[in-house]
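sequence below, structure please.
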Amino acid sequence: MRHLLFASFLMLASSLSAKPNILFIAIDDLANDSTHTPHIDRLAVSGVRFDRAYNQIPLCNPSRASVLTGRRPDATQVYDLDRHFRDALPDVVTLPQLFRQNGWFTARVGKIYHYDVPNGIGTDGLDDKPSWQLVVNPKGRDVTDEKLITNPTPQKPVSAALSWLAAEGTDEEQTDGMIATEAIQLLEKHRDESFFLGVGFFRPHTPFVAPKKYFDLHPLDSIRLPEAPADDRSDIPAAAFAHNNPTPNYGLDELTCRKALQAYRASVSFVDAQIGRVLDALDKLKLTDNTIVVLWSDHGYHLGEHLGIWQKRTLFEESARAPLIIRAPGFSGNGRVCHRIVEFVDIYPTLADLASLPPPTTLDGCSLRPLLQNPAQKWDHPAITQILRPADDRLPAQVMGRSIRIERWRYTEWNEGTQGLELYDHRNDPHEFQNLALMPSTEALAAMKNLHGLLKAKALGTPPPSPVNPKRL
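Predicted structure coming up:
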């Protein structure tokens, strides 16, 4: 046994240098059931795919703030789309900043920190200057073609609607194609030094824009909307539904929703092709064996589940769970799927651990190194996801929802239970159709008591400093 362990250590040591490269790939609004993604699939089968990875808040800016600081939203105090995490944590050392301080070249192309989409494309957005030595902000024809976008709900801006465009032209003319091109050029230029390269793609965030050929991969007659029981919403608290999607399917007919779903999937396939270009360049430049690749999305994405929920901002599985793949050369878990519960705040301590960097003591997550070695090993860490609801016609005051996920159960409290409770048994109800909190069995009551205690122990529970602007949620 000692010889086997020593051999494994040598294999790992020979695969990663003392300063491994980091390729940090972010995808905006990627659902968990994406189809026709051969390049993401290729990365998954060469790394570890965490199929139960949970974001801390299912909204772009606060989720990215948590990933990049390693802190939960109640620490960053970022709950909406405008606030910068340094307002609450001015001296925090971000994930790329840690690598920069320790001698890595750090660069960003595209969306790693938050941007408005599409208005912020080509700008710095809510970037963080201490994190990077170099930033590149491409701006493609998807921005100038905005007038061509189909928006079946014209009262909503294209950024918040089920809007789409089957675009003319080549991949390289689109912003995400330009991002891939710029990333490849940076790999070529900095191949001989240790780097932390953030590559952030804007799609499939609305508007769903991709060259026409990607729409052809998803014929409209093959597109079906998710099914749910006719009474699915009857046992769900009002606060569980996002304020910006109060009407099922935005009031759109089935055909229009199917077209939107086709466009979403086309955008995913388009982004997948750009990721393939970057991974191919990594191979061509012979950087693969000393580069840790992390692929993540800021949150999951609803595509019509629960009788017509779209986009994000819920604490259901489709929104709280998000894609995460880590490929660290030399680890025995590569090529396997990990079914353990992990959190996105775990990404920061994991990369620090793999690069032998001492992480800040304030991090809220833990290193996933043990699961990279053995994805099936015992792991007892719950995941906490939360979301803030503004006061509106349905809710008399601001409401905070907090949800805890363990291997069998999801338990959710809205304003500590005063605005509703939810309990779902994933062993028997993986789509979360039956809210057991309303008529709990003895077993369900025991689970709720246990999860309530865990939730209070794990969540900081600090209220936001002031009411947030509902237009920026």
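
for the chain, what spans make up the helices?
2-15, 38-46, 60-69, 73-76, 95-101, 141-144, 175-189, 212-216, 254-284, 305-308, 317-320, 347-354, 369-373, 442-458 (DSSP state H).

show me what counts as buried in the fifth one.
Within helix 95-101, the residues scored as buried using 16 or more other C-beta atoms under 10 Å are 95-100. Any C-beta I mention is one placed from the backbone N, CA and C, and that applies to glycine too.

show residues contacting that helix.
Applying C-beta atoms under 8 Å, 6 or more residues apart in numbering, the contact partners of helix 95-101 are 22, 24, 67-70, 93, 106, 108, 112, 128, 130-133, 196, 198, 347-348, 351-352, 355, 357, 359-360.

the third one too?
With contacts defined as C-beta under 8 Å, 6+ apart, helix 60-69 is touched by 26, 28-29, 55-57, 71-73, 75-76, 78-85, 89, 92, 94-96, 112-114, 126, 128, 131, 205, 296, 298-299, 344-345, 347-348.

buried ones among those?
26, 28-29, 55-57, 71-73, 75-76, 78-81, 83-85, 89, 92, 94-96, 112-114, 126, 128, 131, 205, 296, 298-299, 344-345, 347-348.

strands - which of the residues you listed land there?
Using DSSP state E, the subset of those located in strands is 26, 296.

what pLDDT does the model give residue 7?
pLDDT for residue 7: 42.

please apply the same query to the one 4 residues further on.
According to the per-residue confidence, residue 11 scores 46 in pLDDT.

just the buried ones from the contacts of helix 95-101, in PyMOL syntax?
Restricted to buried positions by 16+ other C-beta under 10 Å, the PyMOL selection for the contacts of helix 95-101 reads:
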select buried, resi 22+24+67+68+69+70+93+106+108+112+128+131+132+196+198+347+348+351+352+355+359+360
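
domain assignment for this structure?
Here the domain parsing of the chain from automatic domain parsing is 2-373, 383-472.

tell me which of those domains is the most buried.
Comparing the domains of the chain by mean neighbour count (mean count of other C-beta atoms under 10 Å), domain 2-373 ranks first with a mean of 20.

the closest residue to residue 258 other than its chain neighbours: what's it in contact with?
Nearest residue to residue 258, sequence neighbours excluded (C-beta to C-beta, 6 or more residues apart in numbering): residue 223, at 4.5 Å. The neighbourhood of residue 223, defined by C-beta under 8 Å, 6+ apart, consists of 258-259, 261-262, 265.

redo that, cut-off 6 Å
Counting by C-beta atoms under 6 Å, 6 or more residues apart in numbering, residue 223 touches 258, 261-262.

relative to residue 437, which of these is nearest.
Set against residue 437, the nearest of these by C-beta to C-beta is residue 261 (30.6 Å).

and that closest one, how far from residue 136?
Separation of residue 261 from residue 136 (C-beta to C-beta, to the nearest Å) stands at 32 Å.

dump the residue contacts of residue 49.
Taking C-beta under 6 Å, 6+ apart as the test, what residue 49 contacts is 325, 337.

quick check: beta-bridge partners of it?
residue 325, residue 337 (DSSP bridges).

closest to residue 156 out of the helices of the chain?
Once those are compared by C-beta to C-beta, helix 254-284 is nearest, at 12.5 Å.

could you give the average pLDDT over the closest one?
Helix 254-284 comes out at a mean pLDDT of 98.

re earlier: reformat the helices of the chain as TSV; add distance to residue 393.
Shown next, in TSV, are the helices of the chain (distance: least, C-beta to C-beta, whole Å):
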stretch	distance to residue 393
helix 2-15	57
helix 38-46	40
helix 60-69	24
helix 73-76	25
helix 95-101	40
helix 141-144	34
helix 175-189	37
helix 212-216	37
helix 254-284	24
helix 305-308	18
helix 317-320	22
helix 347-354	38
helix 369-373	44
helix 442-458	28
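
give me phi/psi at residue 17?
The phi and psi values for residue 17, taken as degrees, to the nearest 10, are phi -80, psi 180.

so for it, what's the pLDDT?
Model confidence at residue 17 (pLDDT) stands at 72.

that one contacts residue 289, doesn't it?
No - checked against C-beta atoms under 6 Å, the pair residue 17 and residue 289 is beyond contact range at 9.4 Å.

which of the domains of the chain has the lowest mean pLDDT?
Among these, domain 383-472 scores lowest, at a mean of 88.

now residue 97: how far from residue 343?
21 Å.

and residue 256, how far from residue 305?
17 Å.

what of residue 165?
24 Å.

what of residue 438?
20 Å.

ok, and the closest non-adjacent residue to residue 57?
residue 73 (4.8 Å).

please apply the same query to residue 247.
In space, residue 247 is closest to residue 308, 7.7 Å off (C-beta to C-beta, 6+ apart).

residue 263 reaches residue 166, doesn't it?
No - in this structure residue 263 lies outside contact range of residue 166 using C-beta under 6 Å: 7.4 Å.
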